[in-house]
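>>> Build me a model:
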Amino acid sequence: MKAALLLLLLQVSSAVSPASLSGLVTEARSPYVHTLFNARVELVGESEPNPVVKTGADGRFLFSNLRGGRYRVLVTEDGYIHKALNVVVPQGQNNEVRIEMDPAPTVVGHIRDRNNVPMSNILVEALKVGYGPRGDRTITAMESALTDDRGEYHLYWLDNGEYYIRASPLPRNLPIQDALLLNAVPVGSQLGPTYNPGTRNLKEAATIRLRAGSTYGPIDFQMQLNATAGITGFISTEAGLGYVGLCHADIFVTPAGASPSMQQYRGRSACDNPAGLGNFSVGGFWPGTYVVSSEFTIDGVVWMIHRKMEVKALDRGISLTLVAGTIVHGQIVTEPEGAINLRLLRFALESSDPELPSPRVVQVDAKGEVFAFAEPGDYSPRVLNLPEDAYVKFAKSSGGDERPVHVEFTPLELGQITLATDGGHMDGLVVDDSGHPISNAIVVLVPDAGRRSSPQQYRTAESDADGRFTIRGIPPGDYKAFAWESAEDNAYLNADYLRNYEGLGTPMNVAPSSALTATLRVILQN
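Modelled structure (predicted):
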């Protein structure tokens, strides 16, 4: 009797005892143990805010008083590639991990003019190739630097991946022109944005693939002449009596893929002349793809517009209409009815273009209704906070299928989104050619050809420190399972990218409420 009571007390004590996670952060590929001091370690779990600690002089860190469960460890340190690791912390126990950080790549080179003279104060950017929420290729400025008096630049601490290198003159702080003078936009032939190896056209530019711990270069090229461009037009907001021109509204023009803090051109609408109220001009930039945006507050309500456009020369007659948001209404139902507490769900409209903003996430009400507000554009509906084995079975948009919904200026009836709870469950292991477990591998279940146009039919996971992964809520159907050593976000949604690896996938069928196991061979990047 006493023994049974003691065992029960031990079990209760273990159930309520806090857990902990400790670890060591070191430099990868070092011939000796090189610990990293003052690295930032963040623990992402169910609680908020996420706890953050710094490594000590011995490279160690500790999170105590944790609840047992799954966590994600994020480590950042200047000069090293960011690292993320999935871990399981047993209740009442300590989990010890070792995290190896790869030195970040560096790109160096020189920028010269057409006479081969070094150019100083030229903005040089590393544009990373990525993929949008539907698999479209994108570019994003990840790091920038100015050339010195010898025309030399250094781009430090880049992540692995594919990049373009672009050099541009710094934006000039031009005086705001009188918007009524449509020819006031400065147009001429000047040194403009130039891509390696010396072309004005992104389609003709060369990419470089960066890997950890290497210095690339010198990547030298000459700046090219290009005719400057500009836009003129009318900015307004829709009021009860029609479209009303806005006085002193700021219009921003940002190159696609660029950081607004480094490259942005600005104009302001006319105000002092009633006949020209709302007219604007912005100039001094070069032909290319830009995001044109503006925000204006009226009686505490923010009106806005973000539009992506191709500017070829001096484009006149641009009409910018600011909106406070178009109402998008949808209805979420479950099979079987009542299987999910709808009030725990969140609903999002994700912009099909990652360079344009997405509306804020909204809560689903008890009846499953959602009301979102969005600017005109294309969006993909998303249901967030789904229970583990739940999935979107069918999302009937106003167009009758799962293509992105198109929002205009009038309210949109989204239609019915059906959720099911009979999703499959997969536990697996990622190994290399020798059978050793691989951590941080990107595991993707790619659906059969008929469902590949719907991102909600894919499932992803990341292997933990022991190479293991778990995927829940898998929609029933046929799949191919892939495990990449590393891959850009959403790359698997791009048909051209996936075509290179199609034969390396492991076919499998997921039945409703099924439980599967799989061992996947890691795919190394070229």
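
>>> Identify the residues contacting Ala465.
By Cβ atoms under 8 Å, 6 or more residues apart in numbering, the contact list for Ala465 reads 85-87, 97, 439. C-betas here are computed from N, CA, C, even on glycine.

>>> Sort out which of those are in strands and list them.
Using DSSP state E, 85-87, 97 are the members of those that sit in strands.

>>> can you redo the contacts of Ala465 as TSV with neighbour count?
Formatted as TSV, the contacts of Ala465 follow (neighbours: other Cβ atoms under 10 Å):
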residue	neighbour count
Leu85	20
Asn86	20
Val87	21
Val97	17
Ser439	18
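
>>> can I get those residues in JSON lines with distance to Tyr290?
As requested, these are exported to JSON lines (distance: Cβ to Cβ, whole Å):
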{"residue": "Leu85", "distance to Tyr290": "39"}
{"residue": "Asn86", "distance to Tyr290": "39"}
{"residue": "Val87", "distance to Tyr290": "43"}
{"residue": "Val97", "distance to Tyr290": "45"}
{"residue": "Ser439", "distance to Tyr290": "41"}
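
>>> quick check, nearest of those to Val383?
Proximity of these to Val383 was ranked by Cβ to Cβ; the top entry is Asn86 with 23.3 Å.

>>> so how far is Leu386 from that closest one?
19 Å (Cβ to Cβ, to the nearest Å).

>>> Also Gly132?
22 Å.

>>> cool, and Gly130?
On the measure of Cβ to Cβ, Gly130 and Leu386 end up 25 Å apart.

>>> beta partners of Val129?
With DSSP bridges as the criterion, Val129 is bridged to Ile139.

>>> tell me the pLDDT at it?
pLDDT recorded at Val129 is 92.

>>> Assess the claim that it and Tyr163 are in contact.
Yes. Shown here, Val129 and Tyr163 form a contact pair, counting by Cβ atoms under 8 Å, at 6.8 Å.

>>> can you list residues touching both of those two?
Thr207.

>>> ok, these two, which is more surrounded?
Shown here are Val129 and Tyr163; by other Cβ atoms under 10 Å, Tyr163 has more neighbours (25 against 17).

>>> Relative to the helix or strand harbouring that one, what are the paired strands and their orientations?
For Tyr163, the host element (DSSP states H and E) is strand 161-169. If you go by DSSP bridges, strand 161-169 pairs up with strand 122-131 (antiparallel), strand 194-195 (antiparallel), strand 208-210 (antiparallel).

>>> Can you show me the CA trace of that strand as CSV?
The C-alpha coordinates for strand 161-169 follow below in CSV (Å, rounded to 0.1, in the frame of the first residue of the first chain):
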residue,chain,number,x,y,z
GLY,A,161,20.4,31.2,-51.5
GLU,A,162,20.2,32.7,-55.0
TYR,A,163,20.8,36.4,-55.4
TYR,A,164,21.0,39.3,-57.9
ILE,A,165,23.4,42.1,-57.3
ARG,A,166,22.0,45.6,-58.2
ALA,A,167,23.8,49.0,-58.1
SER,A,168,21.8,52.2,-58.1
PRO,A,169,22.4,55.9,-57.6
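
>>> contact partners of the following helix or strand past that strand?
For strand 161-169, the following helix or strand on the C-terminal side (DSSP H and E) is strand 189-192. With Cβ under 8 Å, 6+ apart as the test, strand 189-192 has contacts from 113, 168-169, 200, 223-228, 286.

>>> How about strand 189-192, which residues are buried there?
Neighbour counts using 16 or more other Cβ atoms under 10 Å place 191-192 of strand 189-192 among the buried residues.

>>> How far away from the center of its chain is it?
32 Å (Cα atoms, centre = their mean, to the nearest Å).

>>> returning to what we had before: for the ones in strands among the contacts of Ala465, name the two members farthest from one another.
Asn86 and Val97 (10.3 Å).

>>> got any residues that touch both of those two?
In contact with both Asn86 and Val97: 73, 465, using Cβ under 8 Å, 6+ apart.
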